[in-house]
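Asks: Pasting the sequence and the predicted coordinates here, then a few questions.
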Amino acid sequence: MTEPPFISFKNIVKEFPNGTRAVDNVSLDIGNNEFFALLGPSGCGKTTLLRMLSGLEIPTSGAIWLGGQDITDWPAQQRPLNMVFQSYAVFPHMSVGDNVAYGLKIEGCPQAERKARVEQALAQVQLADKIDRMPHQLSGGQRQRVALARALILRPKVLLLDEPLSALDKRLREDMQLGLIHLRNEVGITFIMVTHDQEEAMSMASRLAVMDKGRIAQIGTPKQLYEYPGSRFVADFLGSINFFPGKVVSTEGKTVTVDTDVGRFINEADFAATAGQSVTVGVRPEMLDLDDATPDVNRLEGTAQETAYFGDYNLCLVRLANGQSIKVFVENDSEGRARLPQIGQAVKISWSATCGILLPD
Amino acid sequence: MGYSLWIALLTTLICLVIAYPVALVVAFAAPKWRPLLLLLVILPFWTNLLVRTYALKSVLGSSSPLSQLAEGIYKSVTGSETFPGLILNDLGVIIGLVYVHLPFMVLPLYTALEKLDRSYLEASLDLGASQWRTFFQVMVPLTLPAIIAGCIITFIPAFGALVTPALLGGTDSLMIGSLIEDQIKRANNWPLGSALSMLLVYATFLILALQSWLSERRARRTELRA
């Protein structure tokens, strides 16, 4: 007999009184000690799903299991999981120490032990010296760490993070990403994060679920989802991609030949494609080469229309003969600098058959 | 003076206890119901105070069904033969003042509760606090400025009320407003009437000064923790 999953959403449906179906029949298993991310555009139901796990929303139908117990009807207070809110919700009328001690006081933890645990929890988030400060005297990043300490001090089985980094500036966000990964390894519990930022999700999570319109579009590791997306939505949501819709001409093993508006392409497929099937060829901008030397497959010609400088790479917008614009990333190394075309210059683009993504329509 | 103070304090306290749940219901109601509920709260303002007080007088008068019901309950509970009545005594004054001043308390509380970030309440529940604990340790402290504001704008007019105690009070329910009226209109003792009026003004100033001192102290205390 296989062990049941640590957290299990079973056919969860959530309808709000105004009739919107925020979560539409979602089933999802999350293992112990995972760093799991729920990723999707705003309004896709990811936060609602997280709030149902925390007990702040009740599912319309379906069940939620945690550690072999059905917790669907448990009130938020009794669930062994704690949440870090998007706004942090650090109580403004209490000092940092009182905020962190809040949950322990409710548990009836004796004062001496409470003091020691509060100090330890604050040390864990590098805020030991701020114990007597009021929240309005802290920066956004510090307030977030107070919220983290306040949640972790109760030793929950799962920590829920609702858009944990969205309110921080870019520099701090990168530090905090590493900080959260480190923290998770240290405390060794399951982290579940909700985010709309695909880079954040991919860099932090060990596994993620992409959600769209209340349903799960795909579940997998960041690498699986980025390199082998199962649909146009997932491919488009995780990073930039160029799409060429077309029809399958022939298949030979995994190698599929596709006719599109802009030419005939050869690509590998990880599904059984049949001749005549409508498919989309997707190619990520970093897989495209502005180089004549590549083999004589998957070639495109166009005119450089626009370039944008990002420091570590350049984005080049190339206009094809049929009017479609495609994105090409040119790395800002010595070779890339030499290859970067002038605006208006004719360019040749190519990619190898293993670099494209073939998606069934 | 002492009597006015006592009645006004009691009125304010009762208003607070009634208004907080009312404000909660309005603030947490579905958005489409909120304007209607708010309208119900402020509806009495559209009628003149005098008219409303007379209406209350007939609703609570000794021949009214409400009064007779209260009489029945009072007599069976206390075993007493006489029922003091709902109005023409201190109870009448308090009922009247609470009724008239309730919206003054509800509105600031509603505004504060409506603006209150729900995630504070959710965080408290998430950390294991009961609903009551969340109410007293998170919701009340976070709406404290509105509670103080509501108490002051209820207390000040209740303290100087004239019409309500005059119509609903008994002969001995002499609040400071009625006293001033008596001195100026009937006794023709303008000096005493004016002095009493100034007393009222001083008392109001004192309360406002107290409030600003309290809020300043609160601001300073949070600064000192730095």
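Replies: Okay, I see it.

Asks: so what does the longest helix anywhere in chain A touch, helix or strand wise?
Replies: When chain A is parsed with DSSP state H, its longest helix is helix A:170-187. The contact analysis (3 or more C-beta pairs under 8 Å, 6 or more residues apart in numbering or on different chains; DSSP states H and E) places helix A:170-187 against helix A:140-152, strand A:158-162, helix A:198-204. For the C-beta atoms, the positions are set from N, CA and C on the backbone; glycine is no exception.

Asks: who does the helix or strand that comes right after the last one pair up with?
Replies: So the one you mean is helix A:198-204. Sequence order places strand A:207-212 as the next helix or strand after helix A:198-204, per DSSP states H and E. Here strand A:207-212 has these sheet partners by DSSP bridges: strand A:35-39 (parallel), strand A:215-220 (antiparallel).

Asks: residues of the helix or strand just after the last one that come out buried?
Replies: Toward the C-terminal end, the helix or strand that comes next after strand A:215-220 (DSSP H and E) is helix A:222-227. When burial is assessed from 16 or more other C-beta atoms under 10 Å in any protein chain shown, helix A:222-227 yields the following buried residues: A:222, A:225, A:226.

Asks: for stretch A:282-291, same thing?
Replies: Residues of stretch A:282-291 classed as buried by neighbour count (16+ other C-beta under 10 Å): A:282, A:283, A:284, A:285, A:287, A:288, A:289, A:290.

Asks: how long is it from one end to the other?
Replies: Using C-alpha to C-alpha, to the nearest Å, the end-to-end distance of stretch A:282-291 comes to 19 Å.

Asks: Could you say which helix or strand holds residue B:37?
Replies: helix B:34-42.

Asks: Tell me how far residue A:113 lies from residue A:80.
Replies: Distance of residue A:113 to residue A:80, given as C-beta to C-beta, to the nearest Å: 19 Å.

Asks: do residue A:52 as well
Replies: Residue A:52 is 16 Å from residue A:80, by C-beta to C-beta.

Asks: Kindly report the same for residue B:30.
Replies: Distance from residue B:30 to residue A:80, by C-beta to C-beta: 32 Å.

Asks: Of these two, which one has the most company?
Replies: residue A:80 (16 against 9; other C-beta atoms under 10 Å in any protein chain shown).

Asks: residues in contact with that one?
Replies: Neighbouring residues of residue A:80 by C-beta atoms under 8 Å, 6 or more residues apart in numbering or on different chains: A:66, A:67, A:156, A:157, A:158.

Asks: And the buried ones among these, selectable in PyMOL?
Replies: To isolate the buried subset of these in PyMOL, counting by 16+ other C-beta under 10 Å, use the following:
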select buried, chain A and resi 66+156+158
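
Asks: Quick check: the farthest pair among the contacts of residue A:80?
Replies: Spanning the widest gap among the contacts of residue A:80 are A:67 and A:156, at 11.7 Å by C-beta to C-beta.

Asks: my guess is residue A:265 contacts residue A:356, does it?
Replies: Yes - assessed by C-beta atoms under 8 Å, residue A:265 is found in contact with residue A:356 at 6.8 Å.

Asks: Pull up the overlap in contacts between these two.
Replies: A:281, A:298.

Asks: Pull the number of nearby residues for residue A:32.
Replies: Counted with other C-beta under 10 Å, residue A:32 comes out at 14.

Asks: wait, residue B:148
Replies: 16.

Asks: now do residue B:169
Replies: Applying other C-beta under 10 Å, we find 24 residues neighbouring residue B:169.

Asks: ditto for residue A:68
Replies: 10.

Asks: Contact partners for it?
Replies: By C-beta under 8 Å, 6+ apart, the residues touching residue A:68 are residue A:4.

Asks: what are the phi and psi values for it?
Replies: Backbone torsions for residue A:68, taken as degrees, to the nearest 10, come to phi 80, psi 10.

Asks: Around chain B, which positions in chain A sit nearby?
Replies: Within chain A, the residues that sit near chain B (C-beta under 8 Å from any C-beta of the partner chain) are A:17, A:54-56, A:75-78, A:82-83, A:85-87, A:89, A:91-93, A:95, A:102-103, A:106-107, A:132-134, A:136-137, A:147, A:150-151, A:154.

Asks: what sits up against stretch B:115-129?
Replies: Outside stretch B:115-129, the residues within contact range by C-beta under 8 Å, 6+ apart are A:54-56, A:75-78, A:82-83, A:85-87, A:89, A:91, A:102-103, A:106-107, A:147, A:150-151, A:154, B:27, B:131, B:133-134, B:137-139, B:142-143.

Asks: And stretch A:249-265, by the same measure?
Replies: With contacts defined as C-beta under 8 Å, 6+ apart, stretch A:249-265 is touched by A:244-248, A:266-270, A:273-275, A:279, A:281, A:297-300, A:320-322, A:324, A:353, A:356, A:358.

Asks: now swap in stretch A:231-246 and tell me
Replies: Outside stretch A:231-246, the residues that reach it (C-beta under 8 Å, 6+ apart) are A:39-41, A:198, A:202, A:210, A:212, A:217-218, A:225-226, A:229, A:258-262, A:265, A:278-285, A:288, A:324, A:326-327, A:329, A:357, A:359, A:361.

Asks: Output the set of residues of chain B in proximity to chain A.
Replies: Within chain B, the positions adjacent to chain A are B:30, B:117, B:119-120, B:122-130, B:133, B:138, B:141-142, B:144, B:222, B:225-226 by C-beta under 8 Å from any C-beta.

Asks: Whichever of the residues you listed end up buried, select them in ChimeraX.
Replies: Only the buried entries of the residues of chain B next to chain A go into this ChimeraX selection, using 16+ other C-beta under 10 Å:
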select /B:119,120,122,123,124,125,126,127,128,129,133,138,142,222
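
Asks: In helices only, show me the residues of chain B next to chain A.
Replies: Counted as lying in helices by DSSP H, out of the residues of chain B next to chain A, are B:119, B:120, B:122, B:123, B:124, B:125, B:126, B:133, B:141, B:142, B:144, B:222.

Asks: Okay then, goodbye and thanks.
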